[in-house]
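> Quick check, what structure comes out for this input:
(one chain, ligands or ions: 1)
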Amino acid sequence: MDIHRIGVFTSGGDAPGMNACIRAAVRRAVAEGLEVVGIRRGFAGMIEGDFVEMDRQSVSNILQIGGTILKSARSDAFRTPEGRAEAATQLGMAGIDALVAIGGDGSLQGSTHLATEHGVAVVGCPGTIDNDLFGTDETIGFDTALNTALESIDKIRDTADAHDRLFLVEVMGRDTGFIALACGIGGGAELVLIPEMLTDVGAIKERILSLMTSQSRSSIVVVAEGDELGGAHMIRQALAEDPAFDRIDTRVSVLGHIQRGGSPTARDRVLASRLGAAAVEALIEGHHGVMVGVVNNDIKLTPMRHVWSRKKEIDYDLLQLTALLS
Ligand code: F6P
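Numbers count the residues shown, from 1 in each chain. The predicted model follows:
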């Protein structure tokens, strides 16, 4: 199929580096003589025909900016067959014959449905701070979010240490512990709690009490928001039920959406630029229904349905390392 006009959109939770990815996709497409249309507010904007023509100039000076100039959304309407049919109609009316979809698992799942139900050619780019997409070693935004979380943990360590306190620091990761694990290692956390591991409250108590009573020092427990007990506040509650914790001065710090913002790191800018360009190249070469990723530093195409139906495993060795080093 010959492609003349490409639609580009960002969807789901925004991630630092999405703008760099948009820029790369637009400029790579323009260099091939293709027309580019920006679809605003993800699938919600697609259903409403909220489209904007784009050229080289429209992506000037955005590489270093967080968020997404195309805006993002989570669309309930697109989860219905009727919503997707309306989106396909809008794309047809605008003469868009292929899409570059930048987003996380939900966005790539929605794109897969659009492709199978309406024959739309789509190539996905992994854009989420969670790093939980099968088919790529790293997702756009992960490195920036990780560094933001780590900077906060370093600051929390200062005050925790000054008061010999226990801090439960909650980081993002609804279903996965990639951010928690990496910033736990990087921040020297005493414990890391992630959704991929059962939370054994008894073992956690024992570990914290032994660390904090024998050495009288601060402790930081990094908790992924998707931890099975329900996040840092719930862990605190579970600890507080034990009288032994009456003498442990405990605080909770939920880092929240601060992790989603900010200027992308160099690593994210490079990754996003490579993937945005690779997505357009894949479309031109006739690939669709795939996500572009980077595996062992090479661009790799993975069927989009594998990306959201298969689980990307965390590195269990890193979890062991946290325990060994704390
Ligand atoms: O998927 C990215 C993410 O930041 C998750 O880590 C988090 O659970 C979720 O998005 C929050 O989504 P929202 O901004 O819609 O509350």
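> from here on, contacts and neighbour counts on C-alpha atoms
Noted.
> My reading is that Gly33 lies in a strand. Confirm?
No. Checked against DSSP: H, G, I helix; E, B strand; the rest coil, Gly33 lies outside a strand; its state is coil.
> Could you pull out the buried residues of stretch 303-323?
Pro303, Met304, Arg305, Val307, Trp308, Lys312, Ile314, Leu319, Thr322 (16 or more other CA atoms under 10 Å).
> cool, and stretch 244-264?
By neighbour count on 16+ other CA under 10 Å, the buried set for stretch 244-264 is Ile248, Thr250, Val252, Ser253, Val254, Leu255, Gln259, Arg260, Gly261, Gly262, Ser263, Pro264.
> need the contact list for the second one.
I take that to be Thr250. Arg165, Leu166, Phe167, Leu168, Arg236 (CA atoms under 8 Å, 6 or more residues apart in numbering).
> need those in a markdown table with pLDDT and secondary structure, can you?
Formatted as a markdown table, the contacts of Thr250 follow (pLDDT from 0 to 100; DSSP: H, G, I helix; E, B strand; the rest coil):
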| residue | pLDDT | secondary structure |
| --- | --- | --- |
| Arg165 | 96 | coil |
| Leu166 | 97 | strand |
| Phe167 | 98 | strand |
| Leu168 | 98 | strand |
| Arg236 | 97 | helix |
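> Between which two of those is the distance greatest?
Based on CA to CA, the longest span within the contacts of Thr250 runs between Arg165 and Arg236 and measures 12.9 Å.
> And the two? Which one has more around it.
The residue with more neighbours, out of Arg165 and Arg236, is Arg165; 20 against 17, by other CA atoms under 10 Å.
> which parts of this protein sit against the ligand?
Proximity of the chain to the ligand (CA under 6 Å from any ligand atom) is limited to residues Gly13, Thr128, Ile129, Asp130, Met172, Gly173, Arg174.
> give me phi/psi at the second one?
The reference is to Thr128. phi -170, psi 140 (degrees, to the nearest 10).
> To what extent is it buried, counted in neighbours?
Residues within reach of Thr128, counting by other CA under 10 Å, total 27.
> correct me, but it touches Gly106?
No. Thr128 is not in contact with Gly106 according to CA atoms under 8 Å; the separation is 10.4 Å.
> can you map out the helices along this structure?
18-31, 42-48, 81-93, 105-118, 142-163, 178-186, 201-215, 232-240, 266-284, 304-309, 316-325 (DSSP state H).
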